[in-house]
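[1] Mind looking at a prediction? Sequence and model below.
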Amino acid sequence: MSSGAPLNGFTAAATILMWLRAAHGQAVVRVDLDQVREGLPGSPLGKDVRVIMPPMPSPVEHCEGMLVRNPKDAAEWGIFVNPEAGPERRRFTIAHELGHFVLHRARQGSFRCDKESVHFGLDTAAVIEREADEFASNILMPGDVLRDAIANRPIDLKVLSDLAKTFEVSFEALCIRFIKYTDQRAILLHWDNGFLKYEWRSKKAILTRARVRHTGDPQEPLPGTLAADASVDQALDGVEMPASVWCAAEAPHMRLREFKHSYTARDRVLTLLLLEGAEPRAWDRSWQDGESFDSYDQFVSNGQLPDQR
């Protein structure tokens with residue numbers, strides 16, 4: 001990283017990935033966070049720090065993770081994680097706290113992160129939490145590796161699930177990352193207790209103004225869709241249907257494939273829509289102004305989400 005490049009979640013993660021590639025002689029798919037943690041002290045990204053202690057169980061209830069400087073030794077930092085969280089969530093939390101270490105430790109001596117701030121990247125979360133999420137997503141799911149993994153191959157939820165296992169991240173986090181790097185027109189919807197909680201759209205979906213038809217607030221699954229069919233728990237291979245069922249502005253001949261993943265408790269559902277290709281609409285130039293209403297653009301870099309129940 002050049003000295004003039006601003007340090008943010010993306011550039012910090014890219015710098016570390018460059019170091020790892022130099023050490024391994026090739027691109028790293030599954031990043032060893034212990035190697036990152038042990039290598040940061042004394043590096044350009046960890047000046048004046050002697051050690052980051054191995055992650056320990058958090059003693060604080062309802063706390064997903066903490067990064068704390070030893071009050072008796074300014075060169076020693078420690079990471080704490082929720083011991084009841086699943087392995088993918090703990091892994092992301094550790095990466096998130098390492099993001100705080102790299103990006104924010106000069107600002108304060110401790111960081112306490114709850115579930116919302118660590119894993120959702122909400123607009124209400126502090127900027128530093130979104131930056132730490134961005135770092136974690138980029139370090140755990142390197143964009144170039146993911147782009148190569150999804151290029152020129154049919155995509156379904158089985159493929160994305162396998163990739164999540166490869167990166168050792170949650171399935172939902174991988175799906176969000178997929179939305180950022182796919183060349184397809186894709187929309188990802190997260191339903192919670194029957195209502196839409198988040199919506200992410202790929203770049204091509206935004207450019208072609210593909211968006212889900214909204215019928216109310218809060219939004220419920222649309223009639224005639226898998227999302228609305230309580231008898232269908234999983235549709236990993238997807239079901240083809242007219243694109244206009246979901247997206248009212250789509251031409252009658254356009255098609256999409258709807259995929260569905262229900263979590264064990266069935267109160268949370270993921271819907272993935274893959275639409276046929278289309279060109280940006282010549283009569284609608286608002287996309288050139290960068291206008292987007294989807295949550296993904298505000299959700300900083302794909303953050304991590306609840307582990308599967």
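    Nice, thanks for sending it over.
[2] In the stretch 151-300 of the chain, where is pLDDT below threshold?
    266, 279-300 (pLDDT under 70).
[3] Please enumerate the helices of it.
    For the stretch 151-300 of the chain, applying DSSP state H, counting those that start in this stretch gives helices covering 157-167, 171-181, 203-207, 295-298.
[4] Select, out of the ones you listed, the one closest to Arg268.
    Closest to Arg268 of these, according to Cβ to Cβ: helix 171-181, at 8.7 Å. C-betas here are computed from N, CA, C, even on glycine.
[5] How far away from the center of its chain is the closest one?
    6 Å (Cα atoms, centre = their mean, to the nearest Å).
[6] ok, now which ones touch Glu168?
    Applying Cβ atoms under 8 Å, 6 or more residues apart in numbering to Glu168 gives the contacts Arg30, Pro87, Glu88, Arg91, Leu140.
[7] sec struct for the first one, please.
    Under DSSP: H, G, I helix; E, B strand; the rest coil, Arg30 falls in the coil class.
[8] Could you export the helices of the stretch 151-300 of the chain to CSV, including columns for mean neighbour count?
    Conversion of the helices of the stretch 151-300 of the chain to CSV gives the following (neighbours: other Cβ atoms under 10 Å):
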stretch, mean neighbour count
helix 157-167, 17
helix 171-181, 24
helix 203-207, 20
helix 295-298, 18
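[9] closest one to Arg257 among those helices?
    helix 157-167 (10.6 Å).
[10] Remind me what that closest one packs against, helices and strands.
    Applying 3 or more Cβ pairs under 8 Å, 6 or more residues apart in numbering; DSSP states H and E, one finds that helix 157-167 contacts helix 143-150, helix 171-181, strand 234-242.
[11] relative to helix 143-150, how tilted is the longest one?
    Going by axes from the mean of the first three to the mean of the last three Cα atoms, to 10 degrees, helix 171-181 is angled at 90 degrees with respect to helix 143-150.
[12] What of the last one?
    For the pair strand 234-242 and helix 143-150, the angle between their directions (the same axes, to 10 degrees) equals 70 degrees.
[13] Sheet partners, orientation included, of strand 234-242?
    Each strand that pairs with strand 234-242, with its direction, by DSSP bridges: strand 255-262 (antiparallel).
[14] got the buried residues for the partner strand?
    Buried residues in strand 255-262, counted by 16 or more other Cβ atoms under 10 Å: Leu256, Arg257, Glu258, Phe259, Lys260, His261, Ser262.
[15] burial of Trp77, as a residue count?
    26 (other Cβ atoms under 10 Å).
[16] pLDDT value on it, please?
    Trp77 is assigned 98 on the pLDDT scale.
[17] Leaving out chain neighbours, which residue sits closest to it?
    Ile52 (4.9 Å; Cβ to Cβ, 6 or more residues apart in numbering).
[18] in what helix or strand does the one you found lie?
    Using DSSP states H and E, Ile52 maps to strand 51-57.
[19] Rounded mean pLDDT for that strand, please.
    Here the average pLDDT along strand 51-57 is 97.
[20] who touches that strand?
    With Cβ under 8 Å, 6+ apart, strand 51-57 has contacts from 34, 37-38, 40-41, 46, 75-83, 90, 94, 98, 101.
[21] Restricted to helices, list those residues.
    Among the contacts of strand 51-57, the members falling in helices are Asp34, Arg37, Glu38, Arg90, Ile94, Leu98, Phe101 (criterion: DSSP state H).
[22] Relative to Val245, how far out is the last one?
    In this structure, Phe101 and Val245 are 47 Å apart, going by Cβ to Cβ, to the nearest Å.
[23] and if you look at the third one?
    According to Cβ to Cβ, Glu38 and Val245 sit 51 Å apart.
[24] which one of these two has more residues nearby?
    Ranked by neighbour count (other Cβ under 10 Å), Glu38 and Val245 place Val245 first, with 17 against 12.
[25] about what we covered before: the contacts of Glu168 into JSON lines, with extra columns for distance to Asp217?
    Shown next, in JSON lines, are the contacts of Glu168 (distance: Cβ to Cβ, whole Å):
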{"residue": "Arg30", "distance to Asp217": "41"}
{"residue": "Pro87", "distance to Asp217": "36"}
{"residue": "Glu88", "distance to Asp217": "32"}
{"residue": "Arg91", "distance to Asp217": "35"}
{"residue": "Leu140", "distance to Asp217": "34"}
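[26] Of these, grab the buried ones for ChimeraX.
    In ChimeraX, a selection of the buried entries from the contacts of Glu168 looks like this (16+ other Cβ under 10 Å):
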select :88,91,140
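[27] Please produce JSON lines containing the contacts of Glu168, extended by pLDDT and distance to Met241.
    Formatted as JSON lines, those follow (pLDDT from 0 to 100; distance: Cβ to Cβ, whole Å):
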{"residue": "Arg30", "pLDDT": "94", "distance to Met241": "36"}
{"residue": "Pro87", "pLDDT": "95", "distance to Met241": "36"}
{"residue": "Glu88", "pLDDT": "95", "distance to Met241": "31"}
{"residue": "Arg91", "pLDDT": "96", "distance to Met241": "36"}
{"residue": "Leu140", "pLDDT": "97", "distance to Met241": "33"}
